[in-house]
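1. Sequence plus the predicted model coming up.
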Amino acid sequence: MLVCPFLPSEASQVSALIKTTLTKANSKDYPKEVLKHQIEHYSEENILRSSKDKTILLAIEGKEIIGTASIKDNWVSGVFVHPDHMSKGVGKALMERIEAIAKDNGFSTIKLGSSTTAQGFYRKLGYKEIKEIVDEKVGKVIQMEKAL
Ligand SMILES: CC(C)(COP(=O)(O)OP(=O)(O)OC[C@H]1O[C@@H](n2cnc3c(N)ncnc32)[C@H](O)[C@@H]1OP(=O)(O)O)[C@@H](O)C(=O)NCCC(=O)NCCS
């Protein structure tokens with residue numbers, strides 16, 4: 001498995017990966033309307049747009065995109081691993097690279113808004129809960145951070 005920078009030609013595949021993960025993995029924690037909003041948020045067009053001001057990383061196995069994570073300044077977003085490739089260290093490998101980028105850019109803390117689904121994963125990586133927000137469109141989000 002390789003961790004590589006995103007290329008604009010991969011936006012459609014990344015959008016499809018996120019849709020699959022949201023549908024299969026996050027559906028146990030979030031209602032349908034929230035998932036629908038999130039799937040729209042990660043459309044091909046929106047991924048292309050956000051790639052202009054975020055660093056997006058991809059985990060690639062063979063020719064398949066199996067995971068993704070993004071960072072802007074010290075704020076992490078868009079961390080998704082394909083359900084068929086979960087629990088094999090893909091998410092952890094992406095987060096290690098994301099944290100290294102933030103550190104190289106001079107940040108001493110790194111922050112994110114976790115889904116209920118991923119809270120245990122981030123805890124395992126050393127993130128601590130700061131506060132919980134319940135947004136009408138995105139549902140429950142747990143703000144977490146870690147010292148780098
Ligand atoms: C959360 C997610 C990114 C984790 O990716 P992953 O590749 O399955 O995780 P890893 O295999 O790298 O796990 C790293 C460690 O965290 C642990 N872990 C993973 N998910 C966990 C969870 N939900 N609860 C507790 N621990 C978890 C693993 O056991 C592993 O521990 P180890 O290092 O002792 O072996 C992935 O499950 C996912 O895409 N979830 C749905 C989408 C989502 O909610 N994304 C976050 C949006 S904020």
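-> Perfect, thanks for sending it.
2. and Glu40, what does it touch?
-> By C-beta atoms under 8 Å, 6 or more residues apart in numbering, the residues touching Glu40 are Asn46. Yep, even glycine has a C-beta here, placed from its N, CA and C like the rest.
3. Write out the residues of the chain neighbouring the ligand.
-> Within the chain, the positions adjacent to the ligand are 21, 25-26, 79-81, 86-92, 114-115, 117-118, 120-121, 124 by C-beta under 6 Å from any ligand atom.
4. buried subset of the residues you listed?
-> A residue is treated as buried here by neighbour count (16 or more other C-beta atoms under 10 Å); on that basis the buried members of these are 21, 25-26, 79-81, 86, 90-91, 114-115, 118, 121.
5. which stretches of the protein aren't confidently modelled?
-> Within the chain, no stretch falls below the threshold (pLDDT under 70).
6. Leaving out chain neighbours, which residue sits closest to the most centrally placed residue in the chain?
-> Most central residue of the chain, judged by C-alpha distance to the mean C-alpha position with C-alpha atoms, centre = their mean, is Val79 at 1.3 Å. Using C-beta to C-beta, 6 or more residues apart in numbering and skipping residues adjacent in sequence, the residue nearest Val79 is Ala69, 4.4 Å away.
7. Next: Asp135.
-> Closest residue in space to Asp135, ignoring its immediate chain neighbours: Val141 at 6.3 Å, by C-beta to C-beta, 6+ apart.
8. The one you found is in what secondary structure piece?
-> Counting by DSSP states H and E, the secondary-structure element that holds Val141 is strand 139-147.
9. Give me the helices and strands touching that strand, please.
-> In terms of contacts (3 or more C-beta pairs under 8 Å, 6 or more residues apart in numbering; DSSP states H and E), strand 139-147 is packed against strand 109-114, helix 119-124, strand 128-135.
10. For that strand, what is the distance to the chain centroid?
-> Between the centre of strand 139-147 and the centre of its chain there are 12 Å (C-alpha atoms, centre = their mean, to the nearest Å).
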